[in-house]
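Visitor: Sequence first, predicted coordinates after that:
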Amino acid sequence: MYDCETTEMGEAKKKQQRHRRVMQAANGCIYCAGRRRAEQVDHMPPRMMFRLGQRPKGLEFPSCGPCNQGTSRLDVAASFMARTFPGIATSADSAEWDKVMSEVHRVAPDLLREMWIPPHEMRQAMWSEGIFDRNFAAFRADGPIMGAYMQAFAAKIGFALHYEATGNFVPRRAECRCDGSQARRCMAVVCPQPIRQYWDARIMQQGKITSQGNFEYGWGTYLESPDVPLYYARVREAFAAAAFVVLDEGSLPFPEGELATFAPGDLVMPLSDRITAG
């Protein structure tokens, strides 16, 4: 018992020291480009996304209170998507799933209503895909509300990984454009070839605990526009997100309306599907 308590105390002290270093290096909140002072440490991706809370250390970012609290609903929606694959295998998984669903119901009840499929339609949809196991369930993942949540979460990934890669937050004059279709897609995501060739997969690691197979991320350049930084994350087979940081409006060769666009500070604004709304 003593050794266990000593280990826990040691880990807690290391966490405090790590968070202190994050805050000491901060020049402001990374999500609003320093408009507000950094007051808290934000874990991106969130702990809720990992089975049994086994989130390795790392990817911890300085955030102001409004951005940290304001984007927590994005974390909940993305965690719901992440936990749908590989699904519930144990009683511990079931207990965690109940907690995730409770949080979704608390922060995004409109999302649950959008995703609900009548049982007979759900079975027909699954049978059409060759899935006949009644232990499986299906939900609608391509609605505008889910799209809005996942677009914003993809942008949050972009803001966070830009800071991780460069040590600087996205400038106020810049934009983070995210591939909402990739972030929204559920199951069996196929990474676009221009992205696949130009990013190196990274994982989080803390001793024997790693994010291998659960969360991979990286950055690189986009094949069509090498001067545009690209940030990418993949969560199991549940979803992937790609985000581009654009300093010049004319530098990214995508048609208007194809990508959702977020400027620093936008993540706390009311959610809307920024692709279909346009």
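Guide: That came through fine.
Visitor: what ranges do the strands span in the stretch 101-250 of the chain?
Guide: Using DSSP state E, counting those that start in this stretch, the strands of the stretch 101-250 of the chain run over residues 175-178, 205-206, 209-210, 215-222, 225-235, 239-246.
Visitor: right, so of those, which gets closest to residue 108?
Guide: Closest of the strands of the stretch 101-250 of the chain to residue 108 is strand 239-246, at 16.1 Å (criterion: Cβ to Cβ). Glycine gets a C-beta too; all of them are placed from N, C-alpha and C.
Visitor: Restricting to C-alpha, output that closest one in PDB.
Guide: Taking only C-alpha atoms (Å, rounded to 0.1, in the frame of the first residue of the first chain), the coordinates of strand 239-246 have been written out as PDB:
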ATOM      1  CA  PHE A 239     -12.900   9.300 -37.200                       C
ATOM      2  CA  ALA A 240     -10.100  11.400 -38.500                       C
ATOM      3  CA  ALA A 241      -9.600  15.200 -38.700                       C
ATOM      4  CA  ALA A 242      -7.400  17.300 -40.900                       C
ATOM      5  CA  ALA A 243      -6.800  21.000 -40.300                       C
ATOM      6  CA  PHE A 244      -4.900  23.600 -42.300                       C
ATOM      7  CA  VAL A 245      -3.500  26.900 -41.000                       C
ATOM      8  CA  VAL A 246      -4.000  29.600 -43.700                       C
END
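Visitor: quick revisit: can you redo the strands of the stretch 101-250 of the chain as TSV with mean pLDDT, distance to residue 56 and mean neighbour count?
Guide: Shown next, in TSV, are these (pLDDT from 0 to 100; distance: least, Cβ to Cβ, whole Å; neighbours: other Cβ atoms under 10 Å):
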stretch	mean pLDDT	distance to residue 56	mean neighbour count
strand 175-178	88	24	25
strand 205-206	92	4	14
strand 209-210	92	5	14
strand 215-222	88	9	20
strand 225-235	86	14	21
strand 239-246	90	19	25
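Visitor: Dump the ones you listed into a markdown table; add distance to residue 54 as well.
Guide: Formatted as a markdown table, these follow (distance: least, Cβ to Cβ, whole Å):
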| stretch | distance to residue 54 |
| --- | --- |
| strand 175-178 | 27 |
| strand 205-206 | 9 |
| strand 209-210 | 5 |
| strand 215-222 | 11 |
| strand 225-235 | 15 |
| strand 239-246 | 20 |
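Visitor: quick one, which of those is nearest to residue 265?
Guide: The minimum distance between residue 265 and the strands of the stretch 101-250 of the chain falls on strand 175-178, with 11.0 Å, by Cβ to Cβ.
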